[in-house]
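1. quick one, what's the 3D model for this:
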Amino acid sequence: MFSFTLVAAALVAYAHANPIEASASDASASDLAAAASFPKLDFTSSLAPLPTSAENGTLPSDSFQGPSTDLGEAIFPATLLICPSLNCANCLSYDLLTTPMNTCFRTTPFVSMAIVQPSNEGLPFGVFVGPPGCHDFLKIPAVNICVNVISGGPFNDFALVS
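-> Here you go, the predicted model:
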């Protein structure tokens, strides 16, 4: 039992020290159209270490003007868009339903990002982004907003924290 615990702890430490390559696909036309209409937020706050938990998760957008949704609609689909251009253009997408929690992922350099969630319910976990190295992160505060990296970028890493 002790050796299993030791091996598990070593694997967790390795994943945080050596980010795993994320697999992405080109963002769908509907996700890109939605992101283009999102309110814009510029990140200028300082970076901090990745927290061990995300108490409040990722909040709904208070200014989302999407289609009317049923209150019973599920949290998913939710898609993380990682964009090499400002204002959420030319993005890659990551399905948040299939992305593992509490793991640092490396992706292509990006300077803007958005979480597309048609229900606008918010997420029960936090979505964090940061520069290469899995040491420092910023939390994407809400779904259905486009966030531009103004200082500290470009970013290469992201993590979902429960």
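2. per-residue confidence for the spatially most central residue of the chain?
-> With distances taken as C-alpha atoms, centre = their mean, the residue of the chain nearest its centroid is residue 127 (4.0 Å). On pLDDT, residue 127 comes in at 96.
3. oh, and call the first residue 241 from now on, that's how I've got it
-> Taking 241 as the first residue, the last one we looked at is residue 367.
4. name the helix or strand for it, please.
-> Using DSSP states H and E, residue 367 maps to strand 366-370.
5. what's that strand packed up against?
-> strand 378-379, strand 395-401 (3 or more C-beta pairs under 8 Å, 6 or more residues apart in numbering; DSSP states H and E). C-betas here are computed from N, CA, C, even on glycine.
6. from the middle of its chain, how far away would it be?
-> Distance of strand 366-370 from its chain centroid, counting by C-alpha atoms, centre = their mean, to the nearest Å, is 5 Å.
7. pLDDT below threshold where in this protein?
-> 241-258, 296, 303-314 (pLDDT under 70).
8. would you map the strands across it?
-> 260-261, 265-266, 280-283, 319-323, 332-335, 344-350, 352-356, 366-370, 378-379, 386-389, 395-401 (DSSP state E).
9. what lines up beside the third one in the sheet?
-> The one in question is strand 280-283. Strand pairing for strand 280-283, determined by DSSP bridges: strand 386-389 (parallel).
10. what's the partner strand in contact with?
-> 275, 278-283, 326-328, 350-354, 369, 380-381, 395 (C-beta atoms under 8 Å, 6 or more residues apart in numbering).
11. list only buried entries from these.
-> 275, 278, 281, 283, 328, 350-354, 369, 380-381, 395 (16 or more other C-beta atoms under 10 Å).
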